[in-house]
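Novice: After the sequence you'll find the predicted model.
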Amino acid sequence: MDIINEAIQVFMQAGIGDAVRVTLVMAVCSVTISSFLGISLGLLLEQYHFPGKRFLIRVNHTLLGIPPVVVGLLVYLLLMRNGPLGMLSLLFTIKGMILAQIIIITPIITSMVYSYAVNTAPAVRAFAVTMGASKRQTKILIVKEMKNEIYFAIVTGFGRAISEVGSVMLVGGNIEDRTRTMTTAISMLKSQGIYTEGVTLGVLLLVFAFILQWAAESFQKRELENENY
């Protein structure tokens, strides 16, 4: 009981509460935008053939492996006062961190959706033609058939967002009450030898990961049950 009370007191500290808030705001906003971009780009890459498509796919695959700290450095150079986007005053803000996260997460979702679409869309499109479906109805049908895979792509992106350290550290500056996330707070607390708060934040990250995994499994189970009816 004492351990639980101590954990609650640690969680209620302003620094940890703000770190959780910043992390969730950044993750939700960046994943929402990245999902819209990634799903759209993934489906478009599968559907259309154009010069340079293969090169574009390779570029996207390359971005999957780019170190987040490199993305953070590039965004920092863009947003710094003398940078091309310096007039927007986004450096050391949550919005700047969201921009960095979008650059990291969008290629992940794009790649996953594209891979799923390549395996699923042609068969669905052929079926839709035999049923006399319109282009709009065909696109809706493809998305419905891929909703499980799209959901997992979004979950993967969210997991990537809440676990990021390097890029948000550079772009956000790890400013207390403003841009400090759970991961950057853990890194800072460890360097200061403050382990209780760091472990608490680590446990919270594990809880978030468990909730994501549980939600994904529940969604898949519900879909399988609906298919069996």
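Specialist: Ah, there it is. Numbers count the residues shown, from 1 in each chain.
Novice: per-residue pLDDT, Tyr229?
Specialist: Predicted confidence (pLDDT) at Tyr229: the value is 54.
Novice: cool, and Lys221?
Specialist: The predicted local confidence for Lys221 is 68.
Novice: so who does the residue nearest the centre of the chain touch?
Specialist: Centroid check for the chain by C-alpha atoms, centre = their mean gives Gly157 as the closest residue, at 2.9 Å. Each residue near Gly157 by C-beta atoms under 8 Å, 6 or more residues apart in numbering is listed here: Val31, Ser34, Ser35, Gly38, Ile105, Ile108, Ile109. Every C-beta, even on glycine, is put in place using the N, C-alpha and C of the backbone.
Novice: Just these: which are in helices?
Specialist: Val31, Ser34, Ser35, Gly38, Ile105, Ile108, Ile109 (DSSP state H).
Novice: and the first one, what does it touch?
Specialist: Yep, that's Val31 we're talking about. Residues near Val31 by C-beta under 8 Å, 6+ apart: Gln101, Ile105, Ile154, Gly157, Phe158, Ala161.
Novice: Name the helix or strand for the last one, please.
Specialist: Assigned by DSSP states H and E, Ala161 belongs to helix 147-162.
Novice: Name the next helix or strand downstream of that helix, please.
Specialist: For helix 147-162, the following helix or strand on the C-terminal side (DSSP H and E) is helix 166-172.
Novice: what residues does that following helix touch?
Specialist: Helix 166-172 is contacted by residues 26, 67-69, 71-73, 75-76, 79, 91-94, 96-97, 99-101, 104, 178-181, 183-184, 187 when judged by C-beta under 8 Å, 6+ apart.
Novice: go on, stretch 82-102?
Specialist: Outside stretch 82-102, the residues that touch it by C-beta under 8 Å, 6+ apart are 22, 25-27, 29-31, 33-34, 37, 68, 71-72, 75-81, 161, 164, 167-168, 170-173, 175, 178-179, 181.
Novice: one more time with 7 Å, if that's ok
Specialist: 22, 25-26, 29-30, 33-34, 71-72, 75-80, 161, 164, 167-168, 171-173, 175, 179 (C-beta atoms under 7 Å, 6 or more residues apart in numbering).
Novice: buried sites along that stretch?
Specialist: 90-102 (16 or more other C-beta atoms under 10 Å).
Novice: who's in contact with Cys154?
Specialist: Careful, residue 154 is Ile; it's not Cys. Neighbours of Ile154 in contact, by C-beta under 7 Å, 6+ apart: Val31, Ser35, Ile109.
Novice: Make JSON lines out of the buried residues of stretch 82-102 and add secondary structure.
Specialist: Formatted as JSON lines, the buried residues of stretch 82-102 follow (DSSP: H, G, I helix; E, B strand; the rest coil):
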{"residue": "Leu90", "secondary structure": "coil"}
{"residue": "Leu91", "secondary structure": "coil"}
{"residue": "Phe92", "secondary structure": "coil"}
{"residue": "Thr93", "secondary structure": "coil"}
{"residue": "Ile94", "secondary structure": "helix"}
{"residue": "Lys95", "secondary structure": "helix"}
{"residue": "Gly96", "secondary structure": "helix"}
{"residue": "Met97", "secondary structure": "helix"}
{"residue": "Ile98", "secondary structure": "helix"}
{"residue": "Leu99", "secondary structure": "helix"}
{"residue": "Ala100", "secondary structure": "helix"}
{"residue": "Gln101", "secondary structure": "helix"}
{"residue": "Ile102", "secondary structure": "helix"}
